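>>> sequence isn't available, so here's the structure alone:
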């Protein structure tokens, strides 16, 4: 760090740190027993917008809380907070960033996946189209490289330049911006960010698993069901791993019997790491679906991108699949519709928001009831994720 | 000559005559070349190692086929410890092992061989049934005899055999009997019936505490639970007289014991009757597990009631050692190549037999041949200058390194040849004139193709002088080039031993399952390797599940190709609908929906791969010869009672007019158990929140030229999660550093500074801190204290926190001159600002 006007910045930092630590302890022990409108307003703003409010905004929110007792006032205050740019530039960005990479890290450059989530929230786009729509948000801020299917420069530069995403994001389509066939678009799944993380190498099962983790709030061990038919498990899955077929019959089959029939929807997708862009080959199954065929020659050979949801029967019926959908189809778009129409998808979105806003997992009886209530509002109210943030903030404004 | 064999024999004789003619020409050519000093490569006669051929003084073979008989079969069976002990001249008829006249022996042997299916020859069936087998395992004798006969009549003779499907016995798919979990429970129990006989008469060997222990340890007197598990595969609860415990005594005369009426002599009828009575009593006391009466089911059968499927033909032209691991018990794995001396393997340590043929190697295990029998490898391979090692193996994992699958070596550092695994790579070490005595440098497959997987793989290591070593996995050459090709084997050491799963030192443990090993003294070519890969490994059966009563089609079956896949499962593949009646007609609209495999009265809980089958039987999809393929897939079905006992059946959702609605186990909504333990109601601002909060408070943009690089370098040191319990001191330091950068920039820019503090500091930035700020309570101190409090905490918000900030900042302004008497107003203000920004009033949300 360079000397900031005095040349003593570095020498002062340790003292400052000690003082700060002392203040931290002080504040922890001196937290107010009962929060008034100002305190509630400050907390709601900080939780939603990620930064302290200005005096004017604080006053505005405090007034809103005071003038309408109970949840209406809190909701009105929260609505003020969700209009802050930092809600989009900070909170939402960090909210969605872990969904876009395998390590679930927030320390990653802005990408089209995250920008699209931010844009959908800003514009109140029903979030139950997030895994199927032909949608993409780009920034119209000046000085940015054009959006490209072959690199992330547009978004990374926007972040580096401190572009206000709230003000500059523009809704477009993946087919229009990237040239992806409309039928091949599947919302966040087919963004470049998701493709580069989950269609790269491997067998495309990563897209399935990480979508389950990020959008269903369930990893495979909590979804496995060994009773499902094993007919669609591909040849690359050894039926006797290490010479012990009990492992297959008691473990492997539990995930693969449900996963492989659904991940078949991605049979035409790949991410070309050299070219840096997603590849879609309609009618032609990607070679990655046919690798290691000699592991079990009697396994399933993927002929096309037809998928089937075997979890509509058995233990995973509890995921709440839509009765108005057939449970099978071709390609990622219809599979995305299947997923985003489930009850678990909606519940997962609310759970994630609650945790992001309230800084705790909803595990207490009261919090579970709150999440159930917000989920109900979410699904019946047009899948408005912004409103979920407001409801969650209103649910934990401080006592 | 047997009339039925005439046509085939004529062809064979013609072929033999051509082969002999070619051999004569070859010999002539070799003789012509010998003076030039060349080293021609010759293919070994696989059974040429026996000595009897040199002592035969009888009439010479009258034709080429008799000569082939002499070389390949006769000289192997005439020793007195084999067939020649009885079936010699003047001995027991038929005298096919007479040593006085090979032509007469040939005539006597012809009726005893099956030229279309050598494995069904009388000679093979006899020794396979235990009749004077010269090793402890009749199945090993059967394999060896089959090899000799195949060598006689020509390679691949079984490859064109058409398997004749045989209708299985009609058994109703009733419930099956399950072994009670507890050997001491039952009426009568295992403990009171079979176990006493085993512990009394079999514990001399089948007991881990024995001086010569032999697996399986079903007669362990000290551990009935382990003994009970080991005994179950040997007991047939449905058909007690098919139990191995009984058959071994009754027809194979294996260690019969004296009975009261035998005057101390072994009494096989008596001891087998006692065993049968005990097994029958035990089986009769076990109730039948009822089958769901609503199911639409086929007839039932066990794996071994299926028709044996001849595997595809294998190329074994230059075979010198072969292990099929068919024995399934004991401490010896037999070399069934038919090439003397047999390099039988002694099992050491933690080696166990695998169902469906194979050996499982765990930690502390190996299977090793003697050096005296291994010497044939050196002799025959040195002679040809080439070799191939073919292994069907399933590595336990792809993490093990320095793990020898097969080695012909003397120590950790001296070897002739080794096939090893190094994580997901295979490696070959071959000692030659261009390597050291440890076979270095090795051929290692590249990491990129991930050759080794924890699945059953067909691995072949070949060597020829031109290419050196080549590794083939599942019939495909890995493409890796041997760094040391072009060598000869003149420096091979014939005192080494063949060992599987380890080094002779016991220090190169490989873990996994080996299902077959074959060693050749030529380098197999791609066609031959792919032929052997396609032939597969293990015994396969065609299982015919009768469905005539459901379809109305005479002798109709659902046929599965099945085999024991490993110790824990069977492989069921490629179901077909077929009728054994060639004139049967399949009615129109005969629908089939969902096939589920059941075992012992219950549907297998997992792995059902045919429950989605839905088709109409008959029509153009059906032919009388090949039936109708219902699915190209396969699946594994768990072993319950062992291959002899598990009784399979099929269940259908619909077949013809019969139907059953299968109900999936319902999903049970599970509400999470609430955890009402109080948790913190606040959290720490995460990295980007901190950055933006500082920016919002100070007015310094996040893109500031000083702040932005600082943030980029410090962001990952700041909190990534708001969890207060995850907050650590280094994160506080990073936050403080960033705060210091913001405050420095704030003070450096007049516009930002004035917006924050007002203009009261502007004229005194370089003035003495102590002089400007004076004592506590001064107006100049209030400029800084109030600005920080109002901007960082806010007016009318958290008055306690605001008071704390004001107090601490005031104290800090007092302390700074005490630390640095020359401190300026700017320095003190930056310090106060940093302390405030990085404090809990900002970072705690």
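Perfect, thanks for sending it. Quick caveat: nothing in here was measured; it's all calculated off a predicted structure.
>>> neighbours of the closest residue to chain B within the stretch 201-350 of chain A, just the number please.
Nearest residue of the stretch 201-350 of chain A to chain B (C-beta to the nearest C-beta) works out as residue A:298 at 2.6 Å. The C-beta positions use only the backbone N, C-alpha and C, and glycine is treated the same way. Per other C-beta atoms under 10 Å in any protein chain shown, the neighbour tally for residue A:298 reads 19.
>>> what sits against it?
A:235, B:571, B:573-574, B:632-635 (C-beta atoms under 8 Å, 6 or more residues apart in numbering or on different chains).
>>> in the stretch 251-399 of chain A, which spans are helices?
A:253-263, A:331-340, A:343-358, A:365-380, A:385-395 (DSSP state H, counting those that start in this stretch).
>>> report the angle between the shortest one and helix A:253-263.
Which is helix A:331-340. 120 degrees (axes from the mean of the first three to the mean of the last three C-alpha atoms, to 10 degrees).
>>> lowest-pLDDT helix or strand in chain B?
helix B:6-34 (a mean of 37; mean pLDDT, DSSP states H and E).
>>> just to revisit the earlier point, tell me which of the contacts of residue A:298 fall in strands.
B:571, B:573-574, B:634-635 (DSSP state E).
>>> identify, from those residues, the entry nearest to chain A.
Checking the ones in strands among the contacts of residue A:298 one by one against chain A (C-beta to the nearest C-beta), the nearest turns out to be residue B:634, at 2.6 Å.
>>> what number of residues lie near that closest one?
Neighbour number of residue B:634 under other C-beta under 10 Å is 24.
>>> identify the bridge partners of it.
Counting by DSSP bridges, residue B:634 is bridged to residue B:573.
>>> how close does it sit to residue B:299?
Separation of residue B:634 from residue B:299 (C-beta to C-beta, to the nearest Å) stands at 21 Å.
>>> using TSV, lay out the ones in strands among the contacts of residue A:298 together with pLDDT.
Output for those, formatted as TSV (pLDDT from 0 to 100):
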residue	pLDDT
B:571	95
B:573	96
B:574	95
B:634	96
B:635	96
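>>> can you map out the helices along the stretch 651-800 of chain B?
Using DSSP H, counting those that start in this stretch, helices in the stretch 651-800 of chain B cover B:687-698, B:707-714, B:729-748, B:750-757, B:769-773, B:779-788, B:799-819.
>>> reformat those as a markdown table; add distance to residue A:72, mean pLDDT and mean neighbour count.
Output for the helices of the stretch 651-800 of chain B, formatted as a markdown table (distance: least, C-beta to C-beta, whole Å; pLDDT from 0 to 100; neighbours: other C-beta atoms under 10 Å in any protein chain shown):
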| stretch | distance to residue A:72 | mean pLDDT | mean neighbour count |
| --- | --- | --- | --- |
| helix B:687-698 | 27 | 95 | 25 |
| helix B:707-714 | 38 | 94 | 18 |
| helix B:729-748 | 36 | 95 | 24 |
| helix B:750-757 | 36 | 95 | 16 |
| helix B:769-773 | 48 | 94 | 21 |
| helix B:779-788 | 35 | 94 | 20 |
| helix B:799-819 | 27 | 92 | 19 |
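>>> and of the ones you listed, who's closest to residue B:361?
Among the helices of the stretch 651-800 of chain B, helix B:729-748 comes nearest to residue B:361, with 48.1 Å by C-beta to C-beta.
>>> wouldn't residue B:566 be in contact with residue A:240 here?
Yes - Residue B:566 is within contact range of residue A:240, at 4.7 Å (criterion: C-beta atoms under 8 Å).
>>> quick one: low-confidence residue ranges for chain A.
A:1-34, A:399 (pLDDT under 70).
>>> before we move on, back to that, okay, and the common contacts of residue B:566 and residue A:240?
Shared contacts of residue B:566 and residue A:240 (C-beta under 8 Å, 6+ apart): residue B:394.
>>> circling back to that earlier point, what subset of the contacts of residue A:298 is buried?
Buried subset of these (neighbour count, 16 or more other C-beta atoms under 10 Å in any protein chain shown): A:235, B:571, B:573, B:633-635.
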